[in-house]
Structures are given as structure tokens and as C-alpha cells.
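[1] coords below, sequence missing:
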RNA sequence: GGCCCCAUCGUCUAGAGGCCUAGGACGUCGCUUUCUCAAGGCGAAAACACCGGUUCAAAUCCGGUUGGGGCCGCCA
């Protein structure tokens, strides 16, 4: 479905603030893109403006619908929603450049006719050589303009022969300045830019894919637009008033302004955000570790933590408050308070915020969030009637009964809530629940008997403590088996010892097999009398 | 190499000429609590890159130096 540019954006309100995020679907949603999206979103919301998602998929070979879906899903997961786009089933789809090729062709033709763009037949090898040479003699590595003055006949002949070419913009020489909302005046000498490419011929792959859906004849010679050109056309057509993007686009800005000027487009306001940096202070990239939002989501970071964290990468409200939800960010955000310098991605801070938000969640909600990790680990499996097992976890009802894989025992959602509940304040990310709570789902605990020893206890003392525990606990009625009672009785008993640890440490280790864990009383309560005694017996057997 | 951008604790930052003996947060360390680990409370160490200038007064303004980064694609 080709869109006709002339009618697409008729609904735009005059004076409206309009921003966009323009990711290319050549990889999953990157943390940097997400942060840029967030700043655009906050700015739009704060000003009752429009926030647009535009998928920049002109490079068909590198673009992948999988990544497009990833970008959309994760933007939504973060709570960053666009409010405009082609109507699909009553919902706004994102704009896609691949569906707007006719629009680009129209303007490309215009530039060609006005002789503000020209065909360049130089080979890529030739160009690369030129670049290297210019760099070696200390010059700006720009295109020489060799094909700029080719005669119309020569061009026609080359084209007729099918000689490979790209279309270049005829960069005028001038001093150019723009006002950056974050950095102030930025100046360029355009003679140092060179004639950059604005459209390339389609590859065979592209041609095959295009002919199915596009009216190729309408595209000038089948050329597809390149970034700097497509952006200018789209930002104009979509009436973008503020371009808020990463600092890495500063040097693209004069190119885009030049095209705007030639085409008589108004100039949007620009704001270039500082980059997100790795620990080595270079642009955050794959080699620094996880860079996609999806990876963080899978590790068990909460969207509110991600949003709070990303907002403070290069921005702060100017007061001492550090915890912000999306609505409060919308209220407080301002471009004026955005930093100029790059911000190092500090995972420790993200962990802190995530832990904080985990502690804010209700236990019920937290349990729902944690269960997938326990299922994934194979500790538990949802219970289903015969043949009812759904294909993927996604469609499943979470609040239901489960089966412990190792023991076959059936457990309720309420039981799991208790398990998660005692670990709430220990979790930094959801995925950690498996290591923290594994002992609830194991048939037999594996641990060294030395772990049972607290301080300077010897075998005799341990045996005594464990035996004592077994005796006392077995006398407690099952109806009295709760952490309050257990605590009352056991603390009293422990106080008879030289040190409480001599009784409580062995108990906790016997129940968990761990050096560090939640408290023994709450664990014993959840485990139940039978299992608690069983584990004590197993511990005693080690001596 | 050329052009552009940037510069306060390890990190994110407050600071718009005197409120600065430079504030907060994460992290680190200590104390507290405690059977352990967390969480919580209290506390500590920790920064204005350098050199000039302007000014009675500079982290704040100006110039330079140094350092760091980004971009220089038939990617976006």
C-alpha cells in the first residue's frame, strides 16, 4: 500500500510540536536508540506534541522484520508509545521508509532536474583510493566531484550502458551554522563536506523485493534513497519540528540542512544528545556487553528501572530526587537540562534502581514476573490437563498450580508467592531468583558438611545442635508451624547456647545448603514440617 | 589526517561570579542490625585537567594547552 505523500499528513495541527525516533531495523533495539526515543517521547508528551516512530528500512539487505518487531515490542515494553502512523486494524503502525519510495523519487527527480544532484559513475575502489590518498596528505577525505561536470550525453550513454552509479548531492560551498538546543551555535564550512551520496541503485535482491510491492517505474531509475536524503524528505513531509538525536549525527546536520535549503524546506530545531559510553569512554557498543533492551529485559530488569536509569544518562532534574516514574519524568523533563558530555553506562546504578523497583512491586506481581525464570530453569512446570499444554509460555495463565519437576509435588501459586516473597529484598534482577530459591525445588541438597559448622564448632557440637533441632521441631504441632512460633521457640532455645549462631546457622544450612540465604524461620515455614525434618535428618547423616 | 563536539569525586551529576570548607546518588569502606546474605539506619574516603587572562572575587566568563570522544560509506 503506497502512501501518497501529499495527503498523508493533512491532519497536522499548526504549531504542534512533532518529534520522531527513526531507528533502522538492522539490529535489536539498542539502549542508545531507546534513550533517544525516551527523550523524544518525554519532550513530546510534556508539550502535548506528537511522537512518531519511523522505521528507516531503505537498506533492504540489512533490514530485517525480526528486528523491526524487536524494536516495536521493546519500545512498548518500556512504555514509549507513538501516537501516529498508518492505520492498521484500528492501531497506529509505524511509518516505514520502504513504503514511501515514490515520495523520495519525486524529490530526487526534482534535484536532478534542477541540477542540484548528479550521477556519479566512479567505482567504489576508485573512491576508496581517493579517500586514502586525501587522508594521507592531510586533506578532508571527500569526493573530488569528478563526475559533477559530465556532459548530458556522457551521462545518458553511461546510463544506457547500465554502468553502475549513485546519485550525489551537489554540495554548495558556504559557511553554515545552526543553533543546537543543547550546544548552542555550531558552525561548518561546507566545502569540507564534499558531494555526498543521496541515492544508490537497487541490488538484485532489492529489485526482486521491490517489484512485488512497489511501482518501480515511479522510482527514478530504480534508485533507492540514502539516509541523509530520506531523513530530510521525511522530516519535512511529516512536519517534524524538533530533531532530537544522538551527538553522532552532528556532522550529518549540515548535509541535511543543505538539502532542506535547496528544496525550500523549513529547518527543524535541532538538539543533539550526548552519547552513551562504555567504561572505556567510547560509544557504547556490543563489545562492551549487552546493548539491546531485549537482553536487559531477559535478564530481569524492570521497564521502570530502565526508564529511570536511561533518563538520568545525560539528564537530571536539577534537584536531589533520583527516583522518577514515566509520568513524573514527563513533568520534569526539559531539553535545557540535558548534558553536553557523554555519559558512561553504569550497570551498578541500574542494578540499584532495579532492586529498588523490585522492592516496590507487590509480591503477587513480582511472583508473576519471576515464575518464567523458574520454569525456564526447569525447577517447576505449569500443570495442565492432558493435551492442554500451550505452545509457548506467553499464552499461559500464570496464577495456577505448578509441579516441582524433581519431586513431582504439586504446588500452588500461593506457595510460590511465599517463596518469592522472602527473596524480594535480595533480588537485583529477576533472573537471580533461580539461584536464590533453588533449594525449594530440589529433592536432595548437595553441600559440604563443613558448611554446617558455625564459627569454631566441631563435629560434636554440630551433631548436638542438629539433634536438638530435630527433637524440638518434631514436637511442634503442624497447626503451629509458622515462622512466628518457630522463631519464638527456637530463639528461646538458641539463647541457651553460648551463641545463637550455634543453633541457627546449622539449621539454615541444613534447610538451604547455602552459606547465605533468607532467614531459617520463614524458610522452615514454607518448607513445611515434614521437609524441614527430612532435611535435618539428611544433615545429621553427614556426621 | 580533516572537521565538529566535550571536560566537577571511580561513575551519573548539582553548581549560571561571592551562598563552595564544592552538594546529592550509585559504587567502595566502616559502624549499626544480625545465625548468614540482603534490605534499612548512621558515618567516612573520594572531584573543579592544566596554563594564562578578566574581576575586589572564578568550578562558574574569555583565550590557549592537554586530554577524551564523534563523524568523515553505494549504513543509519
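    Ah, there it is. The structure displayed is predicted, hence computed values, not measured ones.
[2] hey, let's count contacts and neighbours off CA atoms from now on
    Fine.
[3] which residues of the stretch 251-400 of chain A fall in strands?
    Counting by DSSP state E, counting those that start in this stretch, the stretch 251-400 of chain A has strands at residues A:269-273, A:276-277, A:343-344, A:380-382.
[4] Mind checking those strands for the one nearest to RNA strand B?
    Of all the strands of the stretch 251-400 of chain A, strand A:343-344 sits nearest to RNA strand B, with 3.8 Å by C-alpha to the nearest atom of the strand.
[5] Now residue A:232: closest residue in space, sequence neighbours ignored.
    Once flanking residues are discounted, residue A:232 sits nearest to residue A:256: 6.0 Å by C-alpha to C-alpha, 6 or more residues apart in numbering.
[6] Can you give me the pLDDT of the one you found?
    Note on residue A:256: pLDDT of 98.
[7] So the residue of the stretch 51-200 of chain A found nearest RNA strand B, which state does it fall into?
    Per C-alpha to the nearest atom of the strand, residue A:138 is where the stretch 51-200 of chain A lies closest to RNA strand B, at 2.7 Å. Secondary structure, DSSP: H, G, I helix; E, B strand; the rest coil: residue A:138 is coil.
[8] if I look at it, how far off is residue A:132?
    Using C-alpha to C-alpha, to the nearest Å, we find residue A:138 at a distance of 10 Å from residue A:132.
[9] Distance check, residue A:171 against residue A:107.
    The value you get for residue A:171 to residue A:107, if C-alpha to C-alpha is used, is 16 Å.
[10] same check, this time on residue A:493
    86 Å.
[11] same thing with residue A:352?
    Using C-alpha to C-alpha, residue A:352 is found at 50 Å from residue A:107.
[12] could I get the strands of the stretch 251-400 of chain A as CSV with distance to residue A:428, mean pLDDT and mean neighbour count?
    Formatted as CSV, the strands of the stretch 251-400 of chain A follow (distance: least, C-alpha to C-alpha, whole Å; pLDDT from 0 to 100; neighbours: other C-alpha atoms under 10 Å):
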stretch, distance to residue A:428, mean pLDDT, mean neighbour count
strand A:269-273, 29, 98, 22
strand A:276-277, 22, 98, 23
strand A:343-344, 20, 97, 20
strand A:380-382, 22, 95, 22
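[13] can I get those strands in TSV with distance to residue A:99?
    What follows is the strands of the stretch 251-400 of chain A, written out as TSV (distance: least, C-alpha to C-alpha, whole Å):
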stretch	distance to residue A:99
strand A:269-273	26
strand A:276-277	31
strand A:343-344	36
strand A:380-382	43
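[14] Of all those strands, which one is nearest residue A:64?
    Distance to residue A:64, taken as C-alpha to C-alpha, is lowest for strand A:276-277 among the strands of the stretch 251-400 of chain A, at 24.8 Å.
[15] out of residue A:138 and residue A:132, which sits in the more crowded spot?
    Taking other C-alpha atoms under 10 Å, residue A:138 and residue A:132 do not tie; residue A:132 has more neighbours (14 against 9).
[16] closest to residue A:448 out of the strands of the stretch 251-400 of chain A?
    Among these, the nearest to residue A:448 by C-alpha to C-alpha is strand A:380-382 (25.5 Å).
[17] What are the contacting residues of the closest one?
    Outside strand A:380-382, the residues that touch it by C-alpha atoms under 8 Å, 6 or more residues apart in numbering are A:374-375, A:400-405, A:441.
[18] any idea how far residue A:310 is from the spatially most central residue of chain A?
    What sits nearest the mean C-alpha location of chain A, by C-alpha atoms, centre = their mean, is residue A:293, with 1.7 Å. Taking C-alpha to C-alpha as the measure, residue A:293 falls 11 Å from residue A:310.
[19] Repeat that for residue A:413.
    Distance of residue A:413 to residue A:310, given as C-alpha to C-alpha: 34 Å.
[20] And the two? Which one has more around it.
    Ranked by neighbour count (other C-alpha under 10 Å), residue A:413 and residue A:310 place residue A:310 first, with 21 against 17.
[21] Name the helix or strand for the residue nearest to that one when sequence neighbours are not counted, please.
    The shortest distance from residue A:310 to any non-neighbouring residue, by C-alpha to C-alpha, 6+ apart, is to residue A:35 (5.7 Å). Assessed by DSSP states H and E, residue A:35 sits inside helix A:31-46.
[22] Tell me if that helix is near RNA strand B.
    No. Using C-alpha under 7 Å from any atom of the strand, helix A:31-46 stays clear of RNA strand B, coming no nearer than 9.7 Å.
[23] Tell me, domain by domain, which residues of chain A belong where.
    Per the record, chain A has its domains at A:1-97+A:274-360, A:101-225, A:362-441, A:449-540, by automatic domain parsing.
[24] Generate JSON lines for the contacts of strand A:380-382, with pLDDT, distance to RNA strand B and neighbour count as supplementary columns.
    Putting the contacts of strand A:380-382 into JSON lines (pLDDT from 0 to 100; distance: C-alpha to the nearest atom of the strand, whole Å; neighbours: other C-alpha atoms under 10 Å) gives the following:
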{"residue": "A:374", "pLDDT": "97", "distance to RNA strand B": "19", "neighbour count": "20"}
{"residue": "A:375", "pLDDT": "96", "distance to RNA strand B": "23", "neighbour count": "17"}
{"residue": "A:400", "pLDDT": "91", "distance to RNA strand B": "28", "neighbour count": "13"}
{"residue": "A:401", "pLDDT": "94", "distance to RNA strand B": "28", "neighbour count": "18"}
{"residue": "A:402", "pLDDT": "96", "distance to RNA strand B": "26", "neighbour count": "22"}
{"residue": "A:403", "pLDDT": "96", "distance to RNA strand B": "26", "neighbour count": "18"}
{"residue": "A:404", "pLDDT": "97", "distance to RNA strand B": "24", "neighbour count": "20"}
{"residue": "A:405", "pLDDT": "96", "distance to RNA strand B": "26", "neighbour count": "17"}
{"residue": "A:441", "pLDDT": "98", "distance to RNA strand B": "19", "neighbour count": "21"}
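[25] How are the helices of the stretch 201-350 of chain A distributed by residue range?
    A:204-213, A:227-237, A:253-263, A:293-299, A:303-311, A:326-332, A:347-360 (DSSP state H, counting those that start in this stretch).
[26] typo on my end, the stretch 51-200 of chain A
    Ranges of helices in the stretch 51-200 of chain A, per DSSP H, counting those that start in this stretch, are A:65-78, A:101-113, A:124-136, A:152-160.
[27] Using CSV, please lay out those helices together with distance to RNA strand B and mean pLDDT.
    As requested, the helices of the stretch 51-200 of chain A are exported to CSV (distance: least, C-alpha to the nearest atom of the strand, whole Å; pLDDT from 0 to 100):
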stretch, distance to RNA strand B, mean pLDDT
helix A:65-78, 12, 98
helix A:101-113, 12, 93
helix A:124-136, 4, 91
helix A:152-160, 13, 92
